[in-house]
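[1] Can you look at this prediction? I've put the sequence above it.
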Number of protein chains: 2
Amino acid sequence: MARMVRASQADSDAGHESGTRNSWLQCTRGCGGRYSIYDVVYGCPQCGGLLDVQHDFEALKDRNADGWRSLFDERTRSVEGPYASGVWSKKEWVCPQLGSENVITLGEGNTPLLRASRLERELGLGRLWIKLCGNSHTGSFKDLGMTVLVSVVRQMIADGREIRAVACASTGDTSAALSAYCAAAGIPAIVLLPRGKVSTAQLAQPIANGALVLALDTDFDGCMRIVEELTSDPTLYLANSKNPLRIEGQKTVAIEMVQQLGWKVPDWIVVPSGNLGNVSALGKGLVMMKELGLIDQLPRLACAQVERANPLYLSYLTDFEEYDPVQAQPTLASAIQIGNPVSYERAVRTLRQLDGVVEQASEDELANAAAQADRTGFYCCPQTGAALAVLSKLRQQGQIGPSDKVVVISTAHGLKFTRFKVGYHGGELEDVVALHANRPVELPPRYEVVLEAIDEWLRGHIAST
Amino acid sequence: MARMVRASQADSDAGHESGTRNSWLQCTRGCGGRYSIYDVVYGCPQCGGLLDVQHDFEALKDRNADGWRSLFDERTRSVEGPYASGVWSKKEWVCPQLGSENVITLGEGNTPLLRASRLERELGLGRLWIKLCGNSHTGSFKDLGMTVLVSVVRQMIADGREIRAVACASTGDTSAALSAYCAAAGIPAIVLLPRGKVSTAQLAQPIANGALVLALDTDFDGCMRIVEELTSDPTLYLANSKNPLRIEGQKTVAIEMVQQLGWKVPDWIVVPSGNLGNVSALGKGLVMMKELGLIDQLPRLACAQVERANPLYLSYLTDFEEYDPVQAQPTLASAIQIGNPVSYERAVRTLRQLDGVVEQASEDELANAAAQADRTGFYCCPQTGAALAVLSKLRQQGQIGPSDKVVVISTAHGLKFTRFKVGYHGGELEDVVALHANRPVELPPRYEVVLEAIDEWLRGHIAST
């Protein structure tokens, strides 16, 4: 099914705009063999391990670091076409051989890197920024990877390959992103999910975007098994995180963040960690920038897990000598409720490259950390809450210092987690003592009564600040 | 309370960075008198009419059109500080005299202007873009105006004026934006809303951002009356749309959109129309660009109302000779359910300047128009649905031609309207025949059964396209 090709052949097979630059698929574990990014192959045919996208660094070095910085800066002014996207403005580093006419963009990337001035004072940090990846079309960072995957599929179809549909098993953000990008491209999307375990709110996005949504009488792993069986048919293309194309888009978060800091790296990056694709993507973008001279040092990385789904944390305690998947327990941070992360090996490599640490947060800690940030103007998803809780712990432990500059990756928009917010402030979350709870005050519609309530609240407000 | 000042005096009173540029408050109806933007004054002290912010155009002409275009283009590359905001990158045109250190930004503006290729073919248009103002911090265009209002309040406080809190009556997006910006600034926010008429989802944002949320036993108008009474105390500042400062931020949508089109205007702009502040803001930005030479013609404007709240439409039918507020009926497009729009006079002026039209959409039309767009990759709020329905009507009537270039303003993120989406696809919306409804398919977890369902769906998919 997968043809083994030389890099140059992969390129000329495709026959699109490419210059001398190229990318290809290669085994993460170092088995030989290269496969075209247009091949329908999801694992190493030799060892069964994961595949990575590799780039021709020699070809990328035909432009020096200043040249790349200037090019990327120039493109942030783009108004239409692929370069107006935060992902495709880095096209040569992401997917050089893709024909620009096949790019499917929904304006992904270019999200705010917001200085959190009030929170940085409360936590005792030098500088704190929050990278708001959830301010996006479908409301999560998944858009960044899905634009690449769906664009590659469109290229394959344009090249005459029969792809009838793109499929994934997902309970949340991945299915939303897949459905939106496929709808924009006019490519059928199929989403498999466990019946009765997904809320109507989570269903609403793929339903609205016209995907075929299959609710199966099984759990998530059961859906995964069936989607893998389905996609052994090469006309049904697999969009799950095993597919390495998505990491190519997600790695632009690292590049964009450094660019927003004036091509300087922070001391630390803190990232919510579940399936570990995002961790790997951050590392890949940073190492690529160092390799090509755009930055001269790497930041340190802190992976934030939740206690209820912590296989990476447990492995970290053994210096990654031992690793066992766990049975993930239900957690408020549902997007990282993963006991057997697909990108474990990729993430360990990244943690070693970036002198990384792993820490975990309890339900109570993540909920209160999110609420504390909300009080300073944010609207954090529970995964971002886990990252902020871990940041606070590492600061208290002294791992992160009082003058350190830190970026926290916020992976989704809080609007996707209304029940989490309502539950927290209503005091209804199990195992959470809501330290920052706020409640509406019910009053009769009389000026004097309202004014008295306001005066009382303002007195309390002044006393507490 | 309000001091009448000369423009230059307003400026020197404030004593901040200003150059020779200035802005001030002035009666919309042409009464004499100028007031500082830092005065606590919400209506013309002479006639009781609305106030507008006016700018010193002579001072702005010290830079020519090319100079302004270059400056604004250059600033879109800004990485930190006020100019990284889509609003504050146009600071000289928005609020020139504000000290940059008092700008409260949450990364507002710089939202995607997304080409809707599939939808433009379905509707038979030359070009169609959707300006996604909802891809923002609080999920609606209200952020654009609120950053200006809260920054001005912060400046007033820095200048020694006592402002104890900022207050508004709102059931939705305005209270979310006010609460977030005040939380970022550390300024107390107060939100008044009718008890029992607001969903917990709508409450979640101001609650999370730490506002004092007062639920009163009355309707929206009752809340409005009390907040106006409260803000007769000058230490409680009014954030409702009567306050003209918000229009200054919202007008940057027009500038940003034209900039994204390479400083060209579309043939038409279609905008959901309720309280009419947004209509006025768009007109203000466009006229300002024409006055200062950045564009040489104005686009036409189509205001989209809903049948259940259509006072502007009824007035338009009389060429604006008659105008009567209506009793707005409940509509899916809840954000424009307004029977007596605050900015009616401002909007009529804009419609005359832009050779505008007004059209209305039924519940059925707006819901189906939103769903049709969703099928092509969008996730439209019901207000955007109303705008798309009106676009479709005007195209069918021939008002908008087959080669016209059109921008539709999308005012909020669909994630704020999960119940609308779920209701539509569940066939539960009154007065709506859901033409594009999609449903999950429940199946046993067996490969053969799933494959058969996929094959059947794909056959139908091919047949329908």
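    Yep, that arrived. Residues are numbered from 1 along each chain as shown, chains lettered A, B, ... in the order given.

[2] A:Asp219 and chain B, how far apart?
    A:Asp219 is 9 Å from chain B, where distance means CB to the nearest CB, to the nearest Å. No exception for glycine: its C-beta is placed from N, CA and C like everyone else's.

[3] residue contacts, that residue?
    A:Pro194, A:Lys197 (CB atoms under 8 Å, 6 or more residues apart in numbering or on different chains).

[4] do the same with A:Leu261
    A:Leu261 sits next to A:Leu113, A:Trp129, A:Val407, B:Val79, B:Glu80 when contact means CB under 8 Å, 6+ apart.

[5] For A:Leu443, state which of those residues is nearest.
    A:Trp129 (39.2 Å; CB to CB).

[6] Quick check on that closest one: phi, psi?
    phi -120, psi 150 (degrees, to the nearest 10).

[7] Which residues are in contact with it?
    A:Leu113, A:Leu114, A:Arg115, A:Ala116, A:Leu261, A:Pro266, A:Val406, A:Val407, A:Val408.

[8] which of those tops the neighbour count?
    Of all the contacts of A:Trp129, the highest neighbour tally under other CB atoms under 10 Å in any protein chain shown goes to A:Val408, namely 29 neighbours.

[9] host element of that one?
    strand A:405-410 (DSSP states H and E).

[10] residues near the nearest residue in space to A:Cys133 that is not next to it in sequence, how many?
    Once flanking residues are discounted, A:Cys133 sits nearest to A:Phe141: 3.7 Å by CB to CB, 6 or more residues apart in numbering or on different chains. For A:Phe141, the count of nearby residues is 32 (other CB under 10 Å).

[11] Any figure for the gap between A:Phe141 and A:Met288?
    The gap separating A:Phe141 from A:Met288 is 18 Å, by CB to CB, to the nearest Å.

[12] One more: A:Ile338?
    Distance, A:Ile338 to A:Met288, using CB to CB: 26 Å.

[13] Please identify which of the two sits among more neighbours.
    Shown here are A:Ile338 and A:Met288; by other CB under 10 Å, A:Ile338 has more neighbours (23 against 19).

[14] what's the burial count for the residue in the stretch 301-450 of chain A that chain B sits nearest to?
    At 3.1 Å from chain B, A:Gly377 is the closest residue in the stretch 301-450 of chain A, using CB to the nearest CB. For A:Gly377, the count of nearby residues is 26 (other CB under 10 Å).

[15] did I read that right, it in a strand?
    No. Using DSSP: H, G, I helix; E, B strand; the rest coil, the assignment for A:Gly377 is coil, not a strand.

[16] Can you tell me how far whichever residue of the stretch 151-300 of chain A sits closest to chain B is from B:Gln383?
    Residue nearest to chain B within the stretch 151-300 of chain A: A:Ala184 (3.1 Å; CB to the nearest CB). Separation of A:Ala184 from B:Gln383 (CB to CB) stands at 21 Å.

[17] which residues of the stretch 51-200 of chain A score low on pLDDT?
    A:77 (pLDDT under 70).

[18] Near chain B, which residues of it are found?
    Residues of the stretch 51-200 of chain A lying close to chain B (CB under 8 Å from any CB of the partner chain) are A:73, A:76-77, A:79-80, A:84, A:106-107, A:110-115, A:117-118, A:132, A:135-139, A:164-165, A:180-186, A:188, A:190, A:192, A:195, A:200.
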